[in-house]
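*Asks:* Provide a 3D model corresponding to the input given below.
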Amino acid sequence: MKKRVLSALLALPMLLTTAPAAYAAEPATQSGGAEIDWPEPTCTVDYKPQSDTVSCEFVEETGDAPAKLVYTIQEGAEGDQVLELSKLADALADTVQYPGDAAQFDIEIHNESGNSYRYKPGSFTLASADTSGMEQSELLPVLGYDGQWIPFRFTSSMVSNQMLKDLFNTSSVNISLEQIVTLYDTLAEEGYDSLTNYFVAWYNKKNSTDYASFDAIMAVAPAFFEDIQKGNAMKFSCTAEQFTELEEAHPEVMRWAYFPSGKGPGDTFQLKWPESGLQTAGYDGWYQSMFAFAFGDDMANLSTSSSGHTSCHERGVGDYMEGTDLWEQTDAYFRGDGQALAPESGSVLSYSGKWALDGPCIRNAYANYEFSFYGSITLEEVGPVTITPVDMTLYIGGESDYWEDFAEEPLPAANSETPEARLPAPHFYVDGGTLTDDQLKELTFHGTGEDGTEKSWKLVPYGGDGEEQATGEDGRKIWDIVSTDPSEPDASCLYFEDPECTISAATDNIEENQSTHLYATVSVGDSNTSGAGNNNLYAMADGQKYNLDYGVGTLTIRSVTNDATGGEPYTFDAIHSAHSTVEAAAGDTAAAETATDGGSNAGVVAPAGTEYTVNGHENWAMVGDEQPSILFDDVLSSYELDGGAESEVGQTMLEKAVIDNADALGLDNPNGRQYESKYFDLVDAGDGNVWVKADRQLVIYWPYPDGITYETAGSYDFDVFHFTGLHREYTTNGEVQAMVNQAAANINNEKGGAASNKTLSLQVEKVVLTEHGIQLIVDQDRYGFSPFVLSWAKKDTGGGDHGGGDHGGTTYYTLHYESNGGTEYKDERYKRNTVVELDKEPVQEGYTFTGWYADKALEEPIEEIKMTSNKTVYAGWEPTEVPDWLNGDDHFAYIIGRDDGLVHPEATITRAEVATIFFRLLTDEARAEYLTETSPFHDVAPDAWYATAVATMEAMGIVEGRAPAVFDPDAPITRGEFAAIAARFDSDPYHGDDRFTDISGHWAAEYINQAAVKGWVEGQPDGSFAPDRSISRAEAMTLVNRVLGRLPETADDLLDGMITWPDNPPDAWYYLAVQEATNSHDYGRKADTVHETWTGLQPVEDWTRYEQ
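*Replies:* As a prediction, the model looks like this:
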């Protein structure tokens, strides 16, 4: 039997595709030139040739080892790799020749690519096909599965020429190709629905019998026929007596016998007709079952049909269609345990199968055919699961000796029994590539310990499930890796500097003026080892294995100075006030008494409800044994002046910077004052002194200098200067000096004013003298606390303004900003004749700022003012217009609430929900113009409830994807993304400086500034905007209402009978915004033309017509 590699193939209906596909070749003409009306193929398959980066070698059967195909994914291969199985047809041609013959084979796959691969679920394909090289006149189209026409060579041994002569009513035994093409049409014209049924009629006519079916013809065999030995391929061996009796008694059966070697007693013979095929579908069915396969031990035994004939197997090529049980079993077998091929690891994927031959049970028919088949599997590239320790910063060390017990040993872990030597507990980013968040939650890690036992670990969301889970850089979720066995250690993080993964704990390693950056690696097991004791580590998700890769994190160790207590840095626990506002907390004397130990120490009082986040990440909250504490430390020696004038000996660079910039700071006689430099920051003393940040202003108490008490403090003039952004990563004199100079170039002398939007700046803080120390209310912005300088001097008893006036003889005047309902600014003091640029841009809900004016009537616009006396400037405003595309006239409900009867104002809101909100708020004209259901986003399904909204808003240029074809509809939307959507409705570009401290360089900065100018968005109390933090539903409703001018002023502007929500109490800051967004109503404008009063309630709009 001849078999060739596929050139055109039968398609399985499961793989219908609109892409170019291969199918049986259609000869244009028959021999002689006449055109042939070939039927159109109705089922095609996407033919995937073997990848160029895959080599294949056939290894012949040897002894007990079956034949096998050895595939190698070559070095440098990328992306999907197709492995064509068709070579089996060539390789096993001489092994499987007769119906019933079977051959075992193995498949081995080696990987040398440098990437990881695994079987791609659902990629198994098996189909029968024609072969190339046959003459057109020898092709017969036979109808196969789902109307696919299969060309194959027609021979007279398959069908009696006499029968065809009768069918076509011709005297010639040579049936033309044109007649063969119309075989089934002719049968239908004669009233027959199959070739089998016509054969029965023709047989009865030729033999003067009246059999009703082919079964009846075959049933005439005598009982002793069952005793004849049956061999492979329907071969029958019999005695001379049996042969004679069979030939004489049943000539109608023996006429279909074939004798390969001769005709006579003792010879073997075969039946010509394909019994199983003709019993069911005649020639329409057997071709599909020409080759039978089984993959895997559970399918190794090729079962037979109910007739019991060993030649007719049930598992044919046609049975391997997607959706069939056999295809599902085979696909599952190839998936196996999901083991990926590690790059260049020598690992091998192995599969076992059987090949058998089925079909017409007559060998000379096979000899006249050229059959082929197409089979393939695809391996997909799978990225490893990458575990990366989260970067962390901590304070530790100094000149103290409390590490000496750990000399020459790895740094102690978070669970060390020596609390003062602890490192913070490690946490991890886990990148699963294509794994979803739900799959990540089920991800497990496995390995073999030094003792040979199997160990496993799982992921736990750090901070809590869902929205409670902490996030770090770029919104990446943070995880803990914990053992599935509580008695086993969790995954630990080792911080190391040298190749042995240890650092010396000697005091000269982390010196008093040194900050050491140490890289981090992951170890599963003993926290004081490098992890080498755990072998064969891998991850598992949904039954699939993934290799592990390890990212690099950074542990930044900030030094502290030695103190009088013997080595531990000055840290004092934060005390939480009973009051929720910082102003009230500043007056909480009981909290101050506790925080400062009666005024003897530095202290911090935090307003009630203050939350702390780790490393400045906005959504990485402290969890567990929280112990927020203030670090109150001397500045490092690297801040000391290196040489200089004798008057500068003992001064720090910080103090000199204050003296050198005294005029800009409003400081008189700077050289006659005293100075003290301190370094403040917040740490979690319960977690290795890791750096943390508070989400609001804090009240700081600085102890009075030696010799000064609360009773005598009133006779002194105190000033505090904050060098923002100057952290302890700057470890040399040169580095520190450069940073100090940069900070001094950005001075903000507004006492207690908003922090500068510069990374490095010099800020004048407002001080209040209390019985517990010098009180500061400090913003811990994104740059942390950093160094402060306290300056003091005895007050001049000869007079002068010392309570906010002059420090000496220089004349100062006050500039007052009258914002007329907008952002309030504190008064500013300037030297006489100073020209002040009026660059502040206040915001006000519902209004757009038009500039500053010199007069209350707003008739004299000005951009700068000269301080020749105390001055007042006035803000001008105009109502903000609703953008053209949005419907600001009809106040219908655009938020409907959720199925639990709540509106969830403090929950996040998804990108899909936001797109839907703005889609609902379009004018009818805008919606009709841009309405579409087609978007470029692969993750927006056409039948998704939000599909039309997303597609329409994308077509308008209002929403954008997070990647070219990725919208990420279910992800929470960030404040920056929401501001950008709102701003895209406005055509007025923004020109000017950033209006918030944390948006410089951010992709949405221009949009945020643009929305802020319109009064649509506001920042945080510390002057930041937090663009990457998820926006809450209440914040989103507030912004939308501002854009649309939907602004009730008080609860009295609402109506009884409106929809209310259990989770929207009247005293909530967002109460009015939520009620406005969730109630359809009529309204009238108030006298200010901005605010509204409701006049009637309307039913909620039905938007389901766009969500089908």
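*Asks:* switch to C-alpha atoms for all contacts and neighbour counts from now on
*Replies:* Fine.
*Asks:* gap between residue 990 and residue 121?
*Replies:* With distances defined as CA to CA, to the nearest Å, the gap from residue 990 to residue 121 amounts to 51 Å.
*Asks:* ah, wrong one, I meant residue 444
*Replies:* In terms of CA to CA, residue 444 sits 21 Å off from residue 121.
*Asks:* Give me the secondary structure label for residue 663.
*Replies:* For residue 663, the assignment made with DSSP: H, G, I helix; E, B strand; the rest coil gives helix.
*Asks:* ugh, typo on my part, it should be residue 954
*Replies:* Using three-state DSSP, the secondary structure recorded for residue 954 is helix.
*Asks:* ditto for residue 203
*Replies:* Three states are possible here, and by three-state DSSP the one that applies to residue 203 is helix.
*Asks:* now do residue 188
*Replies:* Secondary structure, three-state DSSP: residue 188 is helix.
*Asks:* What segments of the stretch 801-950 of the chain are strands?
*Replies:* Taking DSSP state E, counting those that start in this stretch, the strands of the stretch 801-950 of the chain run over residues 812-818, 828-831, 835-837, 847-853, 861-862, 864-866, 871-879.
*Asks:* just checking, what packs against the last one?
*Replies:* Judged by 3 or more CA pairs under 8 Å, 6 or more residues apart in numbering; DSSP states H and E, the packing partners of strand 871-879 are strand 812-818, strand 847-853.
*Asks:* hmm, who's touching it?
*Replies:* Strand 871-879 is touched from outside by 813-820, 822, 842, 846-856, 858, 1089-1090, with contacts defined as CA atoms under 8 Å, 6 or more residues apart in numbering.
*Asks:* Domain map for this protein?
*Replies:* Taking automatic domain parsing as the domain assignment, the ranges for the chain are 1-157+316-382, 159-207, 385-558, 571-794, 812-879, 911-1106.
*Asks:* separation between residue 977 and residue 910?
*Replies:* Computed as CA to CA, the residue 977 to residue 910 distance reads 11 Å.
*Asks:* The two - which one has more neighbours?
*Replies:* Here residue 977 and residue 910 are set side by side on neighbour count (other CA atoms under 10 Å), and the busier one is residue 977, at 24 against 20.
*Asks:* just checking, residue 769 touches residue 775?
*Replies:* Yes - applying CA atoms under 8 Å as the test, residue 769 and residue 775 come out as touching, 6.1 Å apart.
*Asks:* Between the two, tell me which one has more neighbours.
*Replies:* Neighbours were tallied for residue 769 and for residue 775 using other CA under 10 Å; the higher tally belongs to residue 775 (23 against 17).
*Asks:* May I have the helix or strand containing the more buried one exported as CSV, CA atoms only?
*Replies:* Assignment of secondary structure by DSSP states H and E places residue 775 within strand 773-778. Output in CSV follows, covering the C-alpha atoms of strand 773-778 (Å, rounded to 0.1, in the frame of the first residue of the first chain):
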residue,chain,number,x,y,z
GLY,A,773,6.8,70.7,72.4
ILE,A,774,7.0,72.6,69.1
GLN,A,775,4.0,71.5,67.1
LEU,A,776,4.1,71.0,63.3
ILE,A,777,1.3,69.9,61.0
VAL,A,778,3.2,68.1,58.3
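*Asks:* What pairs with it, parallel or antiparallel?
*Replies:* strand 698-702 (antiparallel), strand 767-770 (antiparallel) (DSSP bridges).
*Asks:* So which of these is nearest residue 1064?
*Replies:* Each of the strands paired with strand 773-778 has some distance to residue 1064 by CA to CA; the shortest is strand 698-702, at 28.8 Å.
*Asks:* Using CSV, write down the CA coordinates of that closest one.
*Replies:* As requested, the backbone C-alpha atoms of strand 698-702 are provided in CSV (Å, rounded to 0.1, in the frame of the first residue of the first chain):
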residue,chain,number,x,y,z
LEU,A,698,0.2,64.3,60.9
VAL,A,699,0.8,66.4,64.1
ILE,A,700,4.5,66.3,65.0
TYR,A,701,6.0,67.4,68.3
TRP,A,702,9.6,68.5,68.3
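*Asks:* tell me the mean pLDDT for that strand?
*Replies:* The predicted model assigns strand 698-702 a mean pLDDT of 91.
*Asks:* same question, stretch 554-568
*Replies:* When the per-residue pLDDT values of stretch 554-568 are averaged, the result is 56.
*Asks:* right, so of the strands of the stretch 801-950 of the chain, which gets closest to residue 57?
*Replies:* Judging the strands of the stretch 801-950 of the chain by CA to CA, what sits closest to residue 57 is strand 847-853, at 75.0 Å.
*Asks:* quick check: angle from the closest one to strand 871-879?
*Replies:* Counting by axes from the mean of the first three to the mean of the last three CA atoms, to 10 degrees, strand 847-853 points 150 degrees away from the direction of strand 871-879.
*Asks:* tell me the angle strand 847-853 makes with strand 812-818.
*Replies:* Orientation check (the same axes, to 10 degrees): strand 847-853 against strand 812-818 gives 150 degrees.
*Asks:* And for strand 847-853, what's in contact with it?
*Replies:* Residues beyond strand 847-853 that count as contacts (CA under 8 Å, 6+ apart) turn out to be 838, 841-843, 859-863, 873-880, 1013-1015, 1090.
*Asks:* Likewise for stretch 961-975?
*Replies:* With CA under 8 Å, 6+ apart, stretch 961-975 has contacts from 908-912, 914, 936-940, 960, 1026-1031.
*Asks:* Pull out the buried residues from that stretch.
*Replies:* Of the residues in stretch 961-975, 967-969, 972-975 count as buried by neighbour count, 16 or more other CA atoms under 10 Å.
*Asks:* Same list (the residues you listed) but as a markdown table, adding distance to residue 604, secondary structure and pLDDT.
*Replies:* Listed next are these as a markdown table, based on distance: CA to CA, whole Å; DSSP: H, G, I helix; E, B strand; the rest coil; pLDDT from 0 to 100:
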| residue | distance to residue 604 | secondary structure | pLDDT |
| --- | --- | --- | --- |
| 967 | 44 | coil | 93 |
| 968 | 42 | coil | 93 |
| 969 | 42 | coil | 93 |
| 972 | 34 | strand | 93 |
| 973 | 34 | coil | 94 |
| 974 | 32 | strand | 93 |
| 975 | 30 | helix | 92 |
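*Asks:* Can I get those residues in TSV including distance to residue 187?
*Replies:* Putting those into TSV (distance: CA to CA, whole Å) gives the following:
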residue	distance to residue 187
967	57
968	58
969	58
972	66
973	67
974	70
975	73
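*Asks:* between those, which is closest to residue 831?
*Replies:* For the buried residues of stretch 961-975, the nearest to residue 831 is residue 975 (40.2 Å; CA to CA).
*Asks:* how close does that closest one sit to residue 474?
*Replies:* From residue 975 across to residue 474, the span is 13 Å (CA to CA).
*Asks:* Identify the contacts common to these two.
*Replies:* Counting by CA under 8 Å, 6+ apart, the shared contacts of residue 975 and residue 474 are residue 1028.
*Asks:* If we ignore the residues flanking it in sequence, what's nearest residue 326?
*Replies:* On the basis of CA to CA, 6 or more residues apart in numbering, the spatially nearest residue to residue 326 that is not a chain neighbour turns out to be residue 320, at 6.0 Å.
*Asks:* ranking the strands of the stretch 801-950 of the chain by mean pLDDT, which is last?
*Replies:* Averaging pLDDT over each of these puts strand 828-831 lowest, since it has a mean of 82.
*Asks:* Partner strands of that strand, with direction?
*Replies:* Partner strands for strand 828-831, per DSSP bridges, with pairing direction: strand 812-818 (antiparallel).
*Asks:* before we move on, back to that, please convert the buried members of the contacts of strand 847-853 into ChimeraX selection syntax.
*Replies:* Remark: buried members of the contacts of strand 847-853, expressed as a ChimeraX selection using 16+ other CA under 10 Å:
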select :841,842,843,861,873,874,875,876,877,879,880,1013,1014,1015,1090
